[in-house]
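Novice: Prediction below, plus the sequence it came from.
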Amino acid sequence: MTALRSHPNPLLRSLVPHEGIEAPDMYYRFMRRICQAFLAAYWKVRVLNRHYEPHVGGAVYVSNHQSFMDPMLVGMALRRPMNFMARDSLFRAPRFRHLIESLNAFPVKRGTPDTGALKEAMRRLKAGRQVLVFAEGTRTNDGRIGPFLPGVALPARRAAQWIVPVLIDGAFEAWPRTSALPRPGSVVVQYARPISRAEARRLKPLDLVRRMRDTIIEMQIKVRRRVGRPALKYD
């Protein structure tokens, strides 16, 4: 089996601001270190294929959703800062709202076609930023990757220069939605080869959504086989 890489994109090793790229400020870097330390206290986390992080241009990261920790898991090892779609209920407490907004989160209403959130995501993508989208819309009930919301194709095709499918696996076992607190565990985060804007626009929206989901499922099957976790069955 081909070894998977765990090093960053060489073009991002010395990250300095320039046209078309957003560099993290000192506050973001500090909070990222805090997140890394917090996660390391609970879980053994391995991040694979970091070299697929685009070195320039707006990129939408399309990920499955396993736990509360997923935003930190996806963004903590990347060189460029991440922007997050987060459910609107998280913004009700003023102090927590201030915290997550300072880390580039913006609200989305679940269960409705939130055009305001989609427009904000596309605005940030067009500005050359990175945006994380949980394509299932909610956390998994059993570890499997559920159906993707069709609206995920809109910012991916219209505003992103790159689409990066992302797998999170092991976080469900470590912190299922039925558990109030996390428990020790082993988690893998793996990025897939980015899909360019030209590739995305050659596909119909539903075909693009299907391709992203199939890519993440394929990664999950291989990761679980590699680490010795039970296989998850899909129709």
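Specialist: Now that the structure is in, tell me what you want to look at. Numbers count the residues shown, from 1 in each chain.

Novice: what about residue 32, helix or strand, and which?
Specialist: Using DSSP states H and E, residue 32 sits within helix 26-42.

Novice: now that helix, how far from the chain's geometric center?
Specialist: Between the centre of helix 26-42 and the centre of its chain there are 17 Å (Cα atoms, centre = their mean, to the nearest Å).

Novice: For it, give me every contacting residue.
Specialist: 24, 45, 69, 72-73, 75-77, 81, 102-104, 174, 182-185 (Cβ atoms under 8 Å, 6 or more residues apart in numbering). Where you see a C-beta, it was placed from the backbone N, CA and C, and this is true even at glycine.

Novice: how about 6 Å then?
Specialist: Counting by Cβ atoms under 6 Å, 6 or more residues apart in numbering, helix 26-42 makes contact with 45, 72, 76, 81, 182, all of which sit outside it.

Novice: Could you report the neighbour count for the nearest residue to the second one once chain neighbours are set aside?
Specialist: It stands for residue 72. Using Cβ to Cβ, 6 or more residues apart in numbering and skipping the chain neighbours, the partner closest in space to residue 72 is residue 35 (4.5 Å). Neighbourhood size, residue 35 [other Cβ atoms under 10 Å]: 17.

Novice: now swap in residue 12 and tell me
Specialist: 18.

Novice: elements contacting the helix ranked longest in the chain?
Specialist: In the chain, assigned by DSSP state H, the helix with the most residues is helix 205-227. The contact analysis (3 or more Cβ pairs under 6 Å, 6 or more residues apart in numbering; DSSP states H and E) places helix 205-227 against helix 153-158, strand 162-169.

Novice: Need the CA coordinates for that helix. CSV is fine.
Specialist: Provided in CSV are the C-alpha atoms of helix 205-227 (Å, rounded to 0.1, in the frame of the first residue of the first chain):
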residue,chain,number,x,y,z
PRO,A,205,-24.3,19.7,-9.4
LEU,A,206,-25.7,16.3,-8.2
ASP,A,207,-22.8,14.5,-9.9
LEU,A,208,-20.3,16.7,-8.2
VAL,A,209,-22.0,16.0,-4.8
ARG,A,210,-21.9,12.3,-5.5
ARG,A,211,-18.3,12.4,-6.5
MET,A,212,-17.3,14.2,-3.2
ARG,A,213,-19.3,11.7,-1.1
ASP,A,214,-17.9,8.7,-2.9
THR,A,215,-14.3,10.0,-2.5
ILE,A,216,-14.8,10.4,1.3
ILE,A,217,-16.4,7.0,1.6
GLU,A,218,-13.6,5.4,-0.3
MET,A,219,-11.0,7.1,2.0
GLN,A,220,-13.0,5.9,5.1
ILE,A,221,-13.0,2.3,3.9
LYS,A,222,-9.3,2.3,3.4
VAL,A,223,-8.5,4.1,6.6
ARG,A,224,-10.6,1.8,8.7
ARG,A,225,-9.0,-1.2,7.1
ARG,A,226,-5.5,0.2,7.7
VAL,A,227,-6.1,1.0,11.4
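
Novice: quick check, distance from it to the centre of its chain.
Specialist: Counting by Cα atoms, centre = their mean, helix 205-227 comes out at 14 Å from the chain centroid.

Novice: next one: stretch 91-108
Specialist: 18 Å.

Novice: Same question for it: list its buried residues.
Specialist: Of all the residues in stretch 91-108, those buried under the rule 16 or more other Cβ atoms under 10 Å are 91, 100, 103-108.

Novice: Going along the chain, name the strands of the chain.
Specialist: Along the chain, the segments classed as strands by DSSP state E run 43-48, 59-63, 82-87, 105-108, 130-134, 162-169, 185-191, 195-196.

Novice: Compare those and give me the one nearest residue 120.
Specialist: strand 105-108 (5.2 Å; Cβ to Cβ).
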